[in-house]
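Give me a 3D structure for the following:
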Amino acid sequence: MNKKIFSIGSYNAGLTCKTSRVPLWGETIIGSDFSESYGGKGSNQAVAVAKLGGDATFIGCLGNDKYAEDGLKMLNNYNVDISNVKRSDRATGVGIILLNDENDNCIIVDPGANSELTPEDILYLESAISEADVVIFQLEIPLTTVKAGMEIAKRLGKKIILDPAPANEKANELLQDATIITPNETELLLLNGESADSPLSNDKYEKLARNLLSKGPEAIIVTQGGKGSLVVTQDGSEAVPPFLVDVVDTTGAGDVFTGALAVALAEGEDIVKASKFANAAGSYAVTKYEVLPGTPTKKELYEFIYKKGDYSYAKESLSEP
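Numbers count the residues shown, from 1 in each chain. So this is what the prediction gives:
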């Protein structure tokens with residue numbers, strides 16, 4: 001049987017528009033290619049787990065509107081367990097995504113119903129969480145709820161992945177309960193109390209990661225976009241090289257990375273090999289528009305890996321797609 005992976009976090013409807021630049025206050029500019037999609041880090045990561053062959057459960061809070069019905073239908077279609085999803089009278093969360101000409105994104109999130117997922121809800125679900133092998137958390141639900149969930153998962157001996165996005169220094173209080181933390185470059189800086197635009201050298205990457213490591217987790221995996229990722233543990237550090245791809249849309253690539261990481265860890269991979277698998281999934285994701293089309297099945301991911309000529313991802317290690 002596949003190991004159970006829980007994603008406790010957000011669902012947001014995604015509203016995307018392409019634009020050459022972000023408008024100034026009071027200014028209207030013309031965009032293009034508007035689309036609606038499914039999103040939210042918790043939901044995205046649950047779908048990534050399911051598409052890669054994992055036994056995925058999503059725990060979150062949605063409204064009672066059309067966006068919620070569409071989202072729950074989508075999750076069900078991908079075989080994500082939604083039996084413990086909470087419903088609220090507040091509007092379902094929304095992510096407003098702007099894509100520039102280079103296909104980089106900036107995102108504004110209105111949490112909506114996500115804010116209604118409480119610590120008490122998570123305490124009520126302790127028996128369900130006890131069935132999980134890996135539990136993923138993000139920061140698009142209340143920090144108090146994340147903290148309650150992580151404390152329960154740690155007490156139950158679960159492997160805990162914290163995707164610290166959107167990052168803020170207050171999230172440092174969560175680090176002691178995490179097994180693995182997966183910040184990107186900006187989140188690494190913010191968690192260390194530095195400005196998001198501070199320059200980062202190779203030495204500084206490791207220094208900041210080790211500072212987070214000193215607060216309790218077993219590993220820090222810094223995702224570096226087109227530069228790959230950096231795995232830092234008490235035993236040392238290892239750079240995981242990127243795949244060279246034509247970037248189409250970076251939206252959700254970090255979520256695909258995290259979902260793939262959870263699948264590889266659940267299948268017993270060590271942290272470096274799991275990071276390589278996740279890096280491949282994140283690289284695949286940026287070659288497609290929107291999050292779900294950019295989320296590979298395990299078969300699609302292996303085809304991508306072998307097409308790129310990297311045979312270090314042995315099929316006999318991770319279970320066959």
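
going forward, measure contacts and count neighbours with C-alpha atoms only.
Fine.

Return the set of residues that bridge with Val232.
Ile220, Ser237 (DSSP bridges).

Distance check, it against Glu238.
Using CA to CA, to the nearest Å, Val232 is found at 7 Å from Glu238.

okay, those two: which has more neighbours?
Between Val232 and Glu238, counting by other CA atoms under 10 Å, Val232 is the more crowded of the two (25 against 14).

tell me the contacts of the more buried one?
Val232 is in contact with 206, 209-210, 213, 219-221, 238, counting by CA atoms under 8 Å, 6 or more residues apart in numbering.

Check Ile136 too.
Residues near Ile136 by CA under 8 Å, 6+ apart: 5-8, 42, 160-163, 262.

ranking these by neighbours, who comes first?
Highest neighbour count within the contacts of Ile136, by other CA under 10 Å: Ala262, with 33 neighbours.

Name the nearest residue to that one, ignoring sequence neighbours.
Take Ala262 and drop its neighbours on the chain: the residue closest to it by CA to CA, 6 or more residues apart in numbering is Val134, 6.7 Å away.

One more: Gly294?
Nearest-residue entry for Gly294: Ala285, 4.1 Å, with adjacent residues in sequence omitted and distances by CA to CA, 6+ apart.

What of Val231?
Nearest residue to Val231, sequence neighbours excluded (CA to CA, 6+ apart): Ile221, at 4.5 Å.

how many neighbours does that neighbour have?
25.

same deal with Trp25?
Neighbour count for Trp25, taken as other CA under 10 Å: 6.

Against Pro183, how distant is it?
Distance, Trp25 to Pro183, by CA to CA: 30 Å.

Gly95 too?
Using CA to CA, Gly95 is found at 20 Å from Pro183.

Just the buried positions in the helix or strand encompassing Gly71, please.
Assigned by DSSP states H and E, Gly71 belongs to helix 66-77. Within helix 66-77, the residues scored as buried using 16 or more other CA atoms under 10 Å are 67-68, 71-72, 75.

Any buried residues in stretch 226-234, and which?
Neighbour counts over stretch 226-234 (16+ other CA under 10 Å) mark 226, 228-233 as buried.

Endpoint to endpoint, it covers what distance?
End-to-end distance for stretch 226-234: 25 Å, by CA to CA.

Can you show me the helices along the chain?
For the chain, the helices defined by DSSP state H cover 41-51, 66-77, 119-124, 126-129, 143-155, 185-191, 202-213, 253-266, 271-285, 298-307.

which intervals of this protein have sub-threshold pLDDT?
By pLDDT under 70, the low-scoring segments of the chain are 1, 309-321.

one more time with 50
For the chain, the stretches with pLDDT under 50 are 314-317.

Neighbours of Phe34, how many?
Count around Phe34 with other CA under 10 Å applied: 12.

again, but for the one 10 residues further on
By the criterion of other CA under 10 Å, Asn44 has 29 neighbours.

check contacts around the residue nearest to it when sequence neighbours are not counted.
Spatially, and ignoring its direct neighbours in sequence, Asn44 is nearest to Asp255 (6.0 Å; CA to CA, 6+ apart). Neighbour list for Asp255: 41, 44-45, 48, 282 [criterion: CA under 8 Å, 6+ apart].

what about Asp255, distance to Gly95?
Asp255 is 14 Å from Gly95, by CA to CA.

and if you look at Ile136?
Counting by CA to CA - Ile136 and Gly95 are separated by 20 Å.

before we move on, back to that, now distance to Asn12 too, for the helices of the chain, in a markdown table please.
As requested, the helices of the chain are exported to a markdown table (distance: least, CA to CA, whole Å):
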| stretch | distance to Asn12 |
| --- | --- |
| helix 41-51 | 8 |
| helix 66-77 | 8 |
| helix 119-124 | 19 |
| helix 126-129 | 23 |
| helix 143-155 | 17 |
| helix 185-191 | 21 |
| helix 202-213 | 29 |
| helix 253-266 | 13 |
| helix 271-285 | 19 |
| helix 298-307 | 25 |
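
The nearest residue to Ser35 once chain neighbours are set aside: neighbour count?
Spatial nearest neighbour of Ser35, chain neighbours left out: Thr16 (5.3 Å); criterion: CA to CA, 6+ apart. Neighbours of Thr16 under the rule other CA under 10 Å: 21.

same question, the one 3 residues further on
Burial of Thr19, expressed as a neighbour count using other CA under 10 Å, amounts to 19.

What residues does it make contact with?
Listed by CA under 8 Å, 6+ apart, the contact set of Thr19 reads 30-32, 98-101.

Out of those residues, which end up buried?
Among the contacts of Thr19, those buried by neighbour count (16+ other CA under 10 Å) are 98-100.

Who does the spatially closest residue to Lys18 that is not a sequence neighbour form a beta bridge with?
Leaving aside its chain neighbours, Lys18 sits nearest to Leu99 (4.6 Å; criterion: CA to CA, 6+ apart). Leu99 has the following beta-bridge partners by DSSP bridges: Lys18, Asn105.
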